[in-house]
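Peer 1: Everything below, folded, please.
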Amino acid sequence: IAADGVEKTKTWIKDNEIISVVLPVTGPESMDALKILDGMGMTALVPIAPIERQGTAFNNAFYTGADPESESETIAIYAMTGLKMKKFGVFYPEDEPYSAALAAGFKKVVSAAGGEITLEKTYRIGETDFRPQMLELGGLDAGAAKEENAKDSEEFAKRTVELASSAVRFLENRSSGIRIRMGRFENAGPAAVKEDMAAAFKRMLVTALVEKYRFIVVPESEPGEIEFSGEVEERAQNSFNLLVRMNLRGPDESYSMASVGWERPDPPSANAAGMEALYMPGRQQEIILILPQLYFYELKPLFLGSMEWHGEELLRHCPREMENAVYTAGFFEKSASKQVKDFLSKYSSMFVQQPDVIAAQSYDAGMLFVKAVSAGADDPEEVREKLAGEKDFQGVSGIIGGFGEGGRPKRRNILLKTLKGREIEQ
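Peer 2: Alright, predicted model coming up:
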């Protein structure tokens, strides 16, 4: 603010006997205005809590907007006490100050309450491929796992082909025309495992035998000189054996049997660190890309988010991933609260548009001033005293349980949860 602007502001305040100011501006202008007001001993109600104010002390400022401390505290306490969770991961943009401050606040609250941060990873604003971070968070590399399974399957098929090859000498025709029959593969495990192991094995075995020996594959209903059957047995959870039996029918119509087994190794599990929830303060631009990638890498803990998550954008682009996610909000325009509904009605009638979070927090700042004046405050000092003694003010943007050092609001911010594609207030 220019020097002449400073003097004009001071004159305006004195001439109009202003006892408090609601200051809905951000950035450098907010700092300049607060310096003027603070120098005059004037109480200021600021409906935001810009991160730039940290480290800058104002004796007469009271903030009604959420800051990193109160926002991260709200969701951390809810996750630990409301959801009974203990282990958390944190994933945030290292070059975005507000998100980094949220992450720091969340870690501080969790640690103080006896919880554990099992993993902490960062990214940079503008990134689009988060594969390295997904793996570091404990995600499964689907491509690598599929390739490893294919190698195991091929090795098993190779061993079975060798078994079939050794049986050729028992048959009359050793060069071509031998009929092979693929019988039933019984399945003792989940249905998907039979398709995954037995059916895939059949395809590889038939291809190998036909290419090597020019064998003829006959339908399951017809007899063959070599007959394969088998079964899938569940060894343990997510671990299975595939046993293949080979029946040989020789010239004398007698049968001999041989078998080979394959134990599929236990698949690696995602989220080896065991985090129950993943806190991701960040911009919607990156979160829209991150959520589907978490699912792709089989990372599906409960997702916790910041105020940036609120709105239709994430719900529209990531409906599956957003289901059951919990996040903070500075204002919830779909609240069932009568107070919020009345505010919406008055605001839209006056301005012919819907209020945003700044409007809601400005309204709360104004109502705090009205409450102080209604309680008898008629000068800046008395307004300051009333605000300093405020307890549990229920505003449209959340509950302010008082003010701490530097005018920091002791906020209990709004918490939202996504259920069936809708935001529900907690």
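Peer 1: Which parts of the protein are helices?
Peer 2: 3-15, 27-39, 68-77, 97-112, 131-136, 142-166, 191-193, 200-213, 284-296, 312-317, 319-322, 338-351, 357-374, 380-388 (DSSP state H).
Peer 1: how about the fourth one as CSV, C-alpha atoms only?
Peer 2: So the one you mean is helix 97-112. C-alpha atoms of helix 97-112 as CSV (Å, rounded to 0.1, in the frame of the first residue of the first chain):
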residue,chain,number,x,y,z
PRO,A,97,4.1,-24.8,0.9
TYR,A,98,0.5,-25.2,2.1
SER,A,99,0.4,-28.9,1.4
ALA,A,100,3.8,-29.4,2.9
ALA,A,101,2.6,-27.6,6.0
LEU,A,102,-0.5,-29.8,6.2
ALA,A,103,1.7,-32.9,6.0
ALA,A,104,4.0,-31.7,8.8
GLY,A,105,1.0,-30.9,10.9
PHE,A,106,-0.6,-34.3,10.3
LYS,A,107,2.6,-36.1,11.2
LYS,A,108,3.0,-34.1,14.4
VAL,A,109,-0.5,-34.9,15.6
VAL,A,110,-0.3,-38.6,14.7
SER,A,111,3.1,-39.0,16.5
ALA,A,112,1.9,-37.1,19.6
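Peer 1: Low-confidence bits of the stretch 251-400 of the chain, can you list those?
Peer 2: Scanning the stretch 251-400 of the chain with the threshold set as pLDDT under 70 gives 251-270.
Peer 1: Run the chain-centre distance for stretch 343-363.
Peer 2: Centroid separation between stretch 343-363 and its chain, computed with Cα atoms, centre = their mean, to the nearest Å, is 31 Å.
Peer 1: what's around the nearest residue to residue 277 once chain neighbours are set aside, how many residues?
Peer 2: Nearest non-adjacent residue to residue 277, counting by Cβ to Cβ, 6 or more residues apart in numbering: residue 302, 4.2 Å away. Just so you know, the C-beta spots here come from the backbone N, C-alpha and C atoms, and that holds for glycine as well. A total of 17 residues lie near residue 302 under the criterion other Cβ atoms under 10 Å.
Peer 1: quick one: residue 371 and residue 386 touch, right?
Peer 2: Yes. With contact defined as Cβ atoms under 8 Å, residue 371 and residue 386 form a contacting pair (7.5 Å).
Peer 1: Give the residue from the two that has the larger number of neighbours.
Peer 2: residue 386 (20 against 14).
Peer 1: Give the full set of residues in contact with the closest residue to that one other than its chain neighbours.
Peer 2: Once flanking residues are discounted, residue 386 sits nearest to residue 372: 3.7 Å by Cβ to Cβ, 6+ apart. By Cβ atoms under 8 Å, 6 or more residues apart in numbering, the contact list for residue 372 reads 20, 382-383, 386-387.
Peer 1: Most neighbours out of those, which is it?
Peer 2: With neighbours set by other Cβ under 10 Å, the maximum within those is found at residue 20, which has 26 neighbours.
Peer 1: any idea how far residue 37 is from the residue nearest to residue 116 when sequence neighbours are not counted?
Peer 2: Take residue 116 and drop its neighbours on the chain: the residue closest to it by Cβ to Cβ, 6+ apart is residue 87, 5.1 Å away. Distance, residue 87 to residue 37, using Cβ to Cβ, to the nearest Å: 45 Å.
Peer 1: Contact partners for the residue nearest to residue 116?
Peer 2: By Cβ under 8 Å, 6+ apart, the contact set of residue 87 is 115-116, 118, 273-277.
Peer 1: Would you mind checking those for buried ones?
Peer 2: Buried residues within the contacts of residue 87, counting neighbours by 16 or more other Cβ atoms under 10 Å: 115, 118, 275-277.
Peer 1: Look at the closest residue to residue 411 other than its chain neighbours and say how many residues are nearby.
Peer 2: Distances taken as Cβ to Cβ, 6+ apart place residue 70 nearest to residue 411, at 4.0 Å, with adjacent residues excluded. Look at residue 70: counted by other Cβ under 10 Å, it has 23 neighbours.
Peer 1: got it, and residue 35?
Peer 2: 14.
Peer 1: Chain neighbours aside, what residue packs nearest to it?
Peer 2: Closest residue to residue 35 apart from its sequence neighbours, by Cβ to Cβ, 6+ apart: residue 58 at 7.8 Å.
Peer 1: Can you list the low-confidence ranges for the stretch 101-250 of the chain?
Peer 2: For the stretch 101-250 of the chain, the ranges with pLDDT under 70 are 142-177, 185-205, 208-209, 212-213, 232-242, 244, 248-250.
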